[in-house]
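Trainee: Return a 3D structure for these sequence lines:
(2 chains)
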Amino acid sequence: MNGWSALDRFLQTDPRDVGCAEAMEMLHVYAELIAAGGPAEQQYPGIAAHLRACGPCGEDFDGLLAAIRGEQH
Amino acid sequence: MVMVPADSGVGESPVAAARLDAESSEWLQALRCAGPARDAALGRLHELLVRIARGEVARRGPRLGITGPELEDVAYQAAADALLAITGKLGQFRGECRFTTWAYKFVILEVSAKIGRHFWRHPAVPWDAEDWDRLPARFGFDPAHQVEWRELLAALRRAVDEELTARQRQVFVAIVLNGVPLDALTVELASNRNAIYKTLFDARRKLRAALAANGYIGDDSSRGS
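Mentor: Next up is the predicted model:
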């Protein structure tokens, strides 16, 4: 990724983004739905938008998903 | 073993029992009873949380420069704090997912918070330093092509100075210019993740609008993906 696209991406904001508090409130439901192959992004577009944009929440989501999947295997 | 007060968080009970899977029901029942059965359930839950916490710190550790005993400390502290939080909030479990998934969220968030605090043990630069020469590198602009981006970044800096509130500017400088992780900044500013994210979100929107108004970038500030 070059500087232009990195800056462009940083400045993009999605009006559906629900913010950290709401995303964290439902993270367990969202992650379990993803792990089960369900339509999480369609069902929770605001959370999906947030997790794409927020590094820390995205990291927490990745960790939770890894924990769920680790338990499944 | 972590000491957990008996009967904590048992008051409320919004869980519709019919929706719960058998394993989650067993967890709830065991954690809500008294005596040896509860102690055994707490022991099993603690063991599970330690396993998840260790996996999580191992996943994040290499990118953070934390290794060995420090990682183990973070994992054990996170598991202990998560256990306390979970037992204190049992009444808030709504049965929307498996009990273990709900519990894992607590320990993942504890790991996150502890790693955020850990950042300040060895900060690379002061969080409020204003070395604007760092800006090109922060976005990966190639110094060899400075002529192409110099004007854009000068406009960005002007927009930071002219369009942002003092708080937005403070957050922009810490996170973008100095690379302070958002969670670490919440500790420094005695704030929370949601508030800092919202401050930066509004700043990003303003900066894009300013750059677009002056023709530096396209105006698609409200783009969904």
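Trainee: Quick one: mean pLDDT for stretch B:70-85?
Mentor: Averaged across stretch B:70-85, the pLDDT comes to 95.
Trainee: Give me the below-cutoff pLDDT ranges for the chain.
Mentor: No chain in the question, so chain A it is. Scanning chain A for pLDDT under 70 picks out the ranges A:1, A:72-73.
Trainee: try again with chain B
Mentor: Along chain B, segments meeting pLDDT under 70 span B:1-18, B:220-225.
Trainee: Could you check how many residues crowd around the residue of chain A found nearest chain B?
Mentor: Closest residue of chain A to chain B, CB to the nearest CB: residue A:3 (3.2 Å). Using the backbone N, CA and C atoms, a C-beta is placed for each residue, glycine as well. A count of neighbours around residue A:3, defined by other CB atoms under 10 Å in any protein chain shown, yields 20.
Trainee: Which residue comes closest to it once chain neighbours are left out?
Mentor: Among residues not flanking residue A:3 along the chain, residue B:141 sits closest, at 3.2 Å (CB to CB, 6 or more residues apart in numbering or on different chains).
Trainee: What degree of burial does residue A:20 show, as a neighbour count?
Mentor: For residue A:20, the tally of surrounding residues (other CB under 10 Å) stands at 24.
Trainee: Let me know whether it touches residue B:186 as I believe.
Mentor: No. Contact criterion CB atoms under 8 Å: residue A:20 and residue B:186 do not qualify, at 10.0 Å.
Trainee: wouldn't residue B:82 be in contact with residue B:114 here?
Mentor: No. The pair residue B:82 / residue B:114 is not scored as a contact, 10.5 Å apart, by CB under 8 Å.
Trainee: For the residue nearest to residue A:3, grab phi and psi.
Mentor: The phi/psi pair for residue B:141 (degrees, to the nearest 10) reads phi -70, psi 140.
Trainee: counting contacts, what elements does the lengthiest helix in chain A pack onto?
Mentor: The longest helix of chain A (DSSP state H) is helix A:55-72. Contact here means 3 or more CB pairs under 8 Å, 6 or more residues apart in numbering or on different chains; DSSP states H and E; on that basis helix A:55-72 packs against helix A:20-25, helix A:27-35, helix A:45-53, helix B:36-64, helix B:99-118, helix B:182-188, helix B:193-213.
Trainee: I'd like to know which of those helices lies nearest to residue B:151.
Mentor: For residue B:151, the closest of these is helix B:193-213, at 10.9 Å, according to CB to CB.
Trainee: Kindly export that closest one (C-alpha atoms) in PDB.
Mentor: The C-alpha coordinates for helix B:193-213 follow below in PDB (Å, rounded to 0.1, in the frame of the first residue of the first chain):
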ATOM      1  CA  ARG B 193     -11.800   3.400  23.900                       C
ATOM      2  CA  ASN B 194     -15.200   4.500  22.600                       C
ATOM      3  CA  ALA B 195     -14.600   8.200  23.400                       C
ATOM      4  CA  ILE B 196     -11.100   8.200  21.800                       C
ATOM      5  CA  TYR B 197     -12.300   6.400  18.700                       C
ATOM      6  CA  LYS B 198     -15.200   8.800  18.300                       C
ATOM      7  CA  THR B 199     -12.900  11.800  18.700                       C
ATOM      8  CA  LEU B 200     -10.600  10.400  16.000                       C
ATOM      9  CA  PHE B 201     -13.600   9.400  13.800                       C
ATOM     10  CA  ASP B 202     -14.800  13.000  13.800                       C
ATOM     11  CA  ALA B 203     -11.300  14.200  13.100                       C
ATOM     12  CA  ARG B 204     -10.900  11.900  10.100                       C
ATOM     13  CA  ARG B 205     -14.300  13.100   8.700                       C
ATOM     14  CA  LYS B 206     -13.300  16.800   9.100                       C
ATOM     15  CA  LEU B 207      -9.900  16.200   7.600                       C
ATOM     16  CA  ARG B 208     -11.300  14.400   4.600                       C
ATOM     17  CA  ALA B 209     -13.800  17.100   4.000                       C
ATOM     18  CA  ALA B 210     -11.100  19.800   4.200                       C
ATOM     19  CA  LEU B 211      -8.800  18.000   1.800                       C
ATOM     20  CA  ALA B 212     -11.700  17.300  -0.600                       C
ATOM     21  CA  ALA B 213     -12.900  20.900  -0.500                       C
END
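Trainee: in that helix, what counts as buried?
Mentor: Within helix B:193-213, the residues scored as buried using 16 or more other CB atoms under 10 Å in any protein chain shown are B:193-208, B:210-211.
Trainee: Can you check what angle separates that helix from helix A:45-53?
Mentor: Using axes from the mean of the first three to the mean of the last three CA atoms, to 10 degrees, one finds that helix B:193-213 and helix A:45-53 are set 80 degrees apart in direction.
Trainee: Which elements pack onto helix B:193-213?
Mentor: If you count contacts as 3+ CB pairs under 8 Å, 6+ apart, helix B:193-213 packs onto helix A:3-11, helix A:20-25, helix A:55-72, helix B:146-163, helix B:166-172, helix B:182-188.
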